[in-house]
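Asks: My questions are about this predicted structure, shown below with the sequence.
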Amino acid sequence: MIRSVFKEFNSLWPAATHTSLAPLLSQVEFHYYPEEKVALAAIRQPAKCIVVMNSGDMSDVLSLVAMGYQHCIQRKRKDFSAELLASALMVLRPQAFDTNPIPFFFTGFSPAKDASPTDTHMRMELSKSAEKDGAITKLEGFLRQNTKLSAISELCVQAADELISNALFSAPVRFDGSRLYQEVDRTQNVTLPPEKQASFFCCYSDYRVIVGCEDKYGSVNKHLLLDHLEMVFEKDKVRVRNNSAGAGLGLRYIIENSANFYLYGEKNKRALFACGFVLEGQKANLSPEKHFHLSFE
Amino acid sequence: MSSLECKIVEQQVSGVRCFIISGYVSEHAQFPKVEKNDPLIIKFHNVTGLNSVGTRTWVQWFQPLQSVASVTLEEVPSIFIKAFNRVVGTTIPNMKVKSFFVPFLSPEGERKDILFVEGRDFNSEGRVLTPPKIQDNAGKTLELDVLDDYFQFLKK
């Protein structure tokens, strides 16, 4: 008998929703961190279990991800209930990532029927690094249309820049898995084939902004990624990398700027990096309590 | 100038060499050579962004300025302040920040950047004096929208 999300947290959602939520959320297990560290170490299918964090920093999150946990969410955050629900749905229906142009949890849990641009949603396909400036400029304009976004637009733009650079320079690989452009100077133009173009998007609701970029290579390696994250989050201050084309700061900027981080990787198929920003100013986003989702298929 | 261009203009201010940095500091930013060790002023004006490679470019340009007699920074935007606090090498011992921007947040979630000036808002030892009370046009008080370590860079 598992200790289910529904049993422990059903009071977080309106009673009227319990009939529909109970069959789903009763199937999803969770454990508290750090109080249940021992139990977490013994879970057989960590990918199916949500970690509810009462405390802990990025190194704790990275340790949990290394153990196979995919959803580490912060109990103290105001949006805990929404993120818990989203995490449970991701555990139960990961295939929704495949069929939905913008993953369901980015759009208030309702499947996006139409991926065409709207006032609250922009998307841009990128095949050349020279297009990055245009995407950033477009994002700046998109965020300017709503004054509530002014407090966090700087964080969003900085993260977006890094997400796009990652998709264009770091993600592309040859058939043998070697990186095509990782060591190309970032001022040089690189071009991806049409079937491999990256997809950059941003959308917002009354509560948050999501910025993301999907590449069609799926080349992100979980172990290398975790090693890199451990290195860049090891100390309060990070060192720039001088011996490579990238500066080695991108992921730290992305994660540090945002309240939520999402990575969904399908090997040799695609990788979706995204981050979420709450509309409560910079401080709320920069604070160390971050929801962290890292799934590899 | 497009919003993503980085422009650096050189001027003389009371006989002191001054660089005015504006725009988006990215991989395309090109900082000028500094060959003399005379005092220097770096003033920021309408800086719209800073990315990771721009940060490295700044570090590579800024570190050798330790040999300059003094480096005074004025009107430093918050995106650089955050880099000062999170990235090694973005500051140097002989730099002095005369003024910098601090983000405030209105009850409606709008941002307002307030310029903190040495002598008025912080002292030469790097201690922040009582933060100013900022109000919007409707008289509502704005909240300081930074983490506690935002002012860390002021401490020597």
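Replies: Everything's here; your move.
Asks: now the strands for the chain?
Replies: All of this refers to chain A. Applying DSSP state E to chain A gives strands spanning A:29-33, A:49-53, A:71-74, A:121-126, A:198-204, A:208-215, A:260-266, A:270-278, A:291-296.
Asks: not what I meant, chain B
Replies: With DSSP E as the criterion, chain B has strands at B:6-13, B:16-25, B:40-50, B:71-74, B:95-97, B:99-105, B:111-117, B:143-144.
Asks: mind listing what the residue nearest in space to the middle of chain A touches?
Replies: For chain A, the residue nearest the mean C-alpha position is A:Tyr262 (1.5 Å; C-alpha atoms, centre = their mean). By C-beta atoms under 8 Å, 6 or more residues apart in numbering or on different chains, A:Tyr262 lies in contact with A:103, A:212, A:272-276, A:293-294. For the C-beta atoms, the positions are set from N, CA and C on the backbone; glycine is no exception.
Asks: Columns mean pLDDT on top of the strands of chain A, output as a markdown table?
Replies: As requested, those are exported to a markdown table (pLDDT from 0 to 100):
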| stretch | mean pLDDT |
| --- | --- |
| strand A:29-33 | 97 |
| strand A:49-53 | 97 |
| strand A:71-74 | 96 |
| strand A:121-126 | 92 |
| strand A:198-204 | 93 |
| strand A:208-215 | 93 |
| strand A:260-266 | 91 |
| strand A:270-278 | 93 |
| strand A:291-296 | 91 |
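Asks: Relative to the whole chain's centre, how far out is stretch A:48-68?
Replies: 15 Å (C-alpha atoms, centre = their mean, to the nearest Å).
Asks: Which pLDDT value goes with B:Val87?
Replies: Predicted confidence (pLDDT) for B:Val87: 97.
Asks: wait, isn't it in contact with A:Tyr253?
Replies: No: B:Val87 is beyond contact range of A:Tyr253, at 9.4 Å (criterion: C-beta atoms under 8 Å).
Asks: between those two, who's got more neighbours?
Replies: In terms of neighbours (other C-beta atoms under 10 Å in any protein chain shown), A:Tyr253 is the more surrounded of B:Val87 and A:Tyr253; the figures are 26 against 22.
Asks: residues contacting that one?
Replies: A:Tyr253 makes contact with A:158-159, A:162, B:51-52, according to C-beta under 8 Å, 6+ apart.
Asks: Let's see that with 6 Å instead.
Replies: Shown in contact with A:Tyr253 (C-beta atoms under 6 Å, 6 or more residues apart in numbering or on different chains): A:158, A:162, B:52.
Asks: Over to A:Glu125?
Replies: Going by C-beta under 6 Å, 6+ apart, A:Glu125 touches A:197, A:199.
Asks: follow-up on the earlier one: export the contacts of A:Tyr253 to TSV and append columns for neighbour count, pLDDT and distance to A:Met67.
Replies: Compiled in TSV, the contacts of A:Tyr253 are given as follows (neighbours: other C-beta atoms under 10 Å in any protein chain shown; pLDDT from 0 to 100; distance: C-beta to C-beta, whole Å):
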residue	neighbour count	pLDDT	distance to A:Met67
A:Gln158	27	98	30
A:Glu162	26	98	27
B:Ser52	28	98	29
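Asks: With respect to A:Tyr69, which of the residues you listed is nearest?
Replies: Nearest to A:Tyr69, judged by C-beta to C-beta, of those is A:Glu162 at 24.4 Å.
Asks: isn't that closest one right up against A:Gly250?
Replies: Yes: using C-beta atoms under 6 Å, A:Glu162 is in contact with A:Gly250, at 3.7 Å.
Asks: what residues do the two have in common as contacts?
Replies: B:Ser52.
Asks: Which residues of the stretch 101-250 of chain A lie near chain B?
Replies: Neighbours of chain B within the stretch 101-250 of chain A, by C-beta under 6 Å from any C-beta of the partner chain: A:133, A:136-137, A:147-148, A:150-151, A:154, A:157, A:161-162, A:186-187, A:237-240, A:247, A:249-250.
Asks: Now a PyMOL select for only the buried ones of these.
Replies: A single PyMOL command selects the buried members of those (16 or more other C-beta atoms under 10 Å in any protein chain shown):
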select buried, chain A and resi 133+136+137+148+150+151+154+157+161+162+186+238+239+240+247+249+250
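Asks: just checking, which of the residues of the stretch 101-250 of chain A next to chain B belong to helices?
Replies: Among those, the members falling in helices are A:133, A:136-137, A:154, A:157, A:161-162, A:250 (criterion: DSSP state H).
Asks: Below-threshold pLDDT in the stretch 101-250 of chain A: ranges please.
Replies: Applying pLDDT under 70 to the stretch 101-250 of chain A flags residues A:101-118.
Asks: Which pair of the ones in helices among the residues of the stretch 101-250 of chain A next to chain B spans the longest distance?
Replies: Farthest pair in those, by C-beta to C-beta: A:Thr137 and A:Gly250, 19.4 Å.
Asks: Just give me the longest helix of chain B.
Replies: Longest helix in chain B, counting residues (DSSP H): helix B:52-62.
Asks: Centre of the chain to that helix, how far?
Replies: For helix B:52-62, the gap between its own C-alpha mean and the chain's C-alpha mean amounts to 14 Å (C-alpha atoms, centre = their mean).
Asks: do it and chain A meet at all?
Replies: Yes: using C-beta under 6 Å from any C-beta, helix B:52-62 comes into contact with chain A via B:52-53, B:55-56, B:59.
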